[in-house]
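>>> Structural data only, the sequence is not supplied:
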């Protein structure tokens, strides 16, 4: 007898959570098994009423940074012929402890994402409470009622080593699960539009076979007309006003084939900030479909809900082309920023101000898109999209020879930029005779770009983690951010085991970091202030005021070309030390102020 196997399992098990907690701290009870039957009845009644009004039923799967806004844009659209709403949207979110709270938020007309764009709150409130063209649900049963399903489920790239993109993998498990559920529940005439940024080949080599196999398992078939010599076969075109059985029947057909999924891909170009909604509705789109019917359907759908008059669609032949567009688009931007990193470091060593170099070059129209990299490349897309490309080429397309050396190098360079900013902080403190260990350091800006509250993959996070590793005491101020989830909940954010805390030691205390709402209070008594983000609140700060709030000279680190030469001069006159990414000329200003130094 195997005594080990006979012993009872005494391993402590974590209790399954029964509540989802929103950012404000309120608890929402997770749905129980009995809740699903009543939810299905509610959905059926809603959909029946909406169909009687002649509206197409759209399910948006995943209501995060993209899905929530897309749901509002679709629900807010109107039929151009009648001037009345032509779509009814069900925003669907899996009922997990982390995300379920978004459903009751939406049902009350509240956006589940924060934004500096006032239209975000307005469009959700209007569509839920006034137009009543938007509702939310936790149930996958909504998929079976849909004419269109828009997939906005995350596809992450997990890096196992900072600064080495190839040591990692695409995390597509959630997407694969979503495709399986979709295939098991949708009607065969339903259009499935993948909006998620995915590795090239995902639509045709992952989504299509999963959904088609699910159709086959369900016994769903289409009918094909007999092929006449010299004549191409035709597949019946879907008619949204017909029943599922009507749409897949041709009376004189001689044989049947498995139902073909109507799959399309169209990536978003969402830009958080003051124009959040417009970046979804009023911007150019690329789209594609797996066959002619899918292409026709996705063009029709997007033309119904987006401002295609001013921003025409670009229709690609195949989904892999559309998928590649997004990867190349973001890899291009990441590469420009990585390119500028090497010249930024050159500038630091040789007394050059890289911000003036960039401004001088940007006068030439062909180089107007030259960008300064700051302390790192944040946001959800740029740090990972190139990695999704190289992963997809290898694991979906079977190409072992294409290495993407430039794309890979760009991501690796950008990953480490924030660490360099921490090194400059140490250098400034050393020049003042202050140790980094135990030093109180204020990071001004937690978000990944100016004047937004989005902290995903921000360069500021790497600054904070590297300084914490060196035993500094971290403070943070950001006028747009209330909670820095990547630090406060690093055990589970962005997912369990995927926090960037794993790349550094001494990270236990960063969970205690909280965003300080008042800059003057946050500055009090610090040894260094790191201006990490170009928020408008930091651009014209009076150096004398900053030093007064601190209580004496302070090390100043400019990560984004925020300080004018006059500001730098004044900080040196007040006894401070100044360092900056790409701002090598500060040493010359210092020498002019303190020649004896």
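Structure received. Please read all numbers here as calculations on a predicted model, not as lab measurements.
>>> Report how many residues lie close to residue 408.
18 (other Cβ atoms under 10 Å). Yep, even glycine has a C-beta here, placed from its N, CA and C like the rest.
>>> and if you look at residue 279?
Neighbours of residue 279 (other Cβ under 10 Å): 17.
>>> what residues does the host helix or strand of it touch?
Following DSSP states H and E, one finds residue 279 within helix 276-281. Applying Cβ atoms under 8 Å, 6 or more residues apart in numbering, the external contacts of helix 276-281 come out as 66, 69-70, 72-73, 115-117, 119-120, 123, 268-271, 305-307.
>>> what's near enough to touch the residue most central in space within the chain?
The centre of the chain sits closest to residue 380, judged by Cα atoms, centre = their mean, with a distance of 3.5 Å. Residue 380 is in contact with 65, 456-457, counting by Cβ under 8 Å, 6+ apart.
>>> cool, residue 87 as well?
55-58, 74-75, 77, 133, 304-305.
>>> where does the stretch 301-450 of the chain have low pLDDT?
Along the stretch 301-450 of the chain, no part satisfies pLDDT under 70.
>>> just to revisit the earlier point, helices - which of the contacts of helix 276-281 land there?
By the criterion of DSSP state H, membership of the contacts of helix 276-281 in helices covers 69-70, 72-73, 119-120, 123, 305.
>>> For whichever strand or helix holds residue 420, buried residues please.
Element membership of residue 420 [criterion: DSSP H and E] is helix 417-431. The neighbour-count check on helix 417-431 (16 or more other Cβ atoms under 10 Å) flags 417-426, 428-429 as buried.
>>> Distance to residue 296 added to those residues, as a markdown table?
Shown next, in a markdown table, are the buried residues of helix 417-431 (distance: Cβ to Cβ, whole Å):
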| residue | distance to residue 296 |
| --- | --- |
| 417 | 45 |
| 418 | 46 |
| 419 | 50 |
| 420 | 50 |
| 421 | 50 |
| 422 | 53 |
| 423 | 55 |
| 424 | 55 |
| 425 | 56 |
| 426 | 59 |
| 428 | 60 |
| 429 | 63 |
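>>> Look through the protein and tell me its longest helix.
helix 319-349.
>>> for it, packing partners?
strand 262-265, strand 285-289, helix 354-362, helix 385-395, helix 405-415 (3 or more Cβ pairs under 8 Å, 6 or more residues apart in numbering; DSSP states H and E).
>>> okay, the angle between it and helix 417-431?
Interaxial angle, helix 319-349 versus helix 417-431 (axes from the mean of the first three to the mean of the last three Cα atoms, to 10 degrees): 10 degrees.
>>> Return the distance of helix 319-349 from the chain's centre.
17 Å (Cα atoms, centre = their mean, to the nearest Å).
>>> with the buried residues of helix 417-431 in mind, which one is nearest to residue 584?
residue 424 (11.2 Å; Cβ to Cβ).
>>> Apart from its chain neighbours, what residue comes closest to that closest one?
residue 579 (4.3 Å; Cβ to Cβ, 6 or more residues apart in numbering).
>>> before we move on, what SS does the one you found have?
strand (DSSP: H, G, I helix; E, B strand; the rest coil).
>>> I'd assumed residue 425 was in contact with it.
Yes: between residue 579 and residue 425 there is a contact at 7.3 Å, judged by Cβ atoms under 8 Å.
>>> what residues are shared contacts of these two?
555, 557.
>>> Quick check: which element contains residue 149?
strand 148-151.
>>> Residues contacting that strand, please?
56-62, 67, 70, 74, 143, 175, 178-179, 182, 186, 190-196, 301.
>>> Strands of the stretch 1-150 of the chain, residue ranges please.
Secondary structure of the stretch 1-150 of the chain by DSSP state E, counting those that start in this stretch: the strands cover 19-21, 27-29, 56-61, 87-92, 134-137, 148-151.
>>> Sheet-wise, list the partners of the second one with their directions.
Read it as strand 27-29. strand 19-21 (antiparallel) (DSSP bridges).
>>> Over to the third one?
Note on strand 56-61: by DSSP bridges, its sheet partners are strand 87-92 (parallel), strand 148-151 (parallel).
>>> Give me the mean pLDDT for it.
Mean per-residue pLDDT for strand 56-61: 98.
>>> Quickly find the element holding residue 520.
helix 519-523.
>>> From the chain's centre, how far out is the next helix or strand after that helix? Work that out for me.
As assigned by DSSP H and E, the chain's next helix or strand after helix 519-523 is strand 528-531. Here the centre of strand 528-531 is set off from its chain's centre by 27 Å, with Cα atoms, centre = their mean.
>>> mind starting the numbering at 808 from now?
All right, first residue 808 from here; so that's strand 1335-1338.
>>> Strand 1335-1338 packs against which elements?
helix 1224-1238, strand 1247-1251, strand 1362-1365.
>>> strands paired with it, and their directions?
Checking strand 1335-1338 against DSSP bridges gives partners strand 1247-1251 (parallel), strand 1362-1365 (parallel).
>>> got the contact list for the first one?
Okay, so that is strand 1247-1251. So strand 1247-1251 is contacted by 1232, 1267, 1270-1271, 1274, 1279-1285, 1326, 1329-1330, 1332-1340, 1342, 1345 (Cβ under 8 Å, 6+ apart).
>>> cool, stretch 1154-1164 as well?
With Cβ under 8 Å, 6+ apart, stretch 1154-1164 has contacts from 1147, 1150-1151, 1153, 1179, 1368, 1387-1392, 1394-1395.
>>> Format those as a markdown table; extra columns: neighbour count.
Output for those, formatted as a markdown table (neighbours: other Cβ atoms under 10 Å):
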| residue | neighbour count |
| --- | --- |
| 1147 | 21 |
| 1150 | 15 |
| 1151 | 26 |
| 1153 | 14 |
| 1179 | 19 |
| 1368 | 21 |
| 1387 | 27 |
| 1388 | 27 |
| 1389 | 27 |
| 1390 | 28 |
| 1391 | 19 |
| 1392 | 20 |
| 1394 | 14 |
| 1395 | 13 |
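>>> Identify the farthest-apart pair in those residues.
1147 and 1395 (21.4 Å).
>>> In the stretch 1258-1404 of the chain, where is pLDDT below threshold?
1403-1404.
>>> if we take the contacts of stretch 1154-1164, which one ends up nearest to residue 1209?
Closest to residue 1209, out of all of those and judged by Cβ to Cβ, is residue 1147, at 25.6 Å.
>>> Compute the distance between that closest one and residue 1244, please.
Distance, residue 1147 to residue 1244, using Cβ to Cβ, to the nearest Å: 32 Å.
>>> now residue 1230
In terms of Cβ to Cβ, residue 1230 sits 15 Å off from residue 1244.
>>> Repeat that for residue 1282.
16 Å.
>>> swap in residue 1169?
From residue 1169 to residue 1244 the distance is 41 Å (Cβ to Cβ).
>>> Can you pick out the residue with more neighbours from the two?
residue 1169 (13 against 9).
>>> wait, doesn't the more buried one sit right on residue 1177?
Yes: assessed by Cβ under 8 Å, residue 1169 is found in contact with residue 1177 at 5.7 Å.
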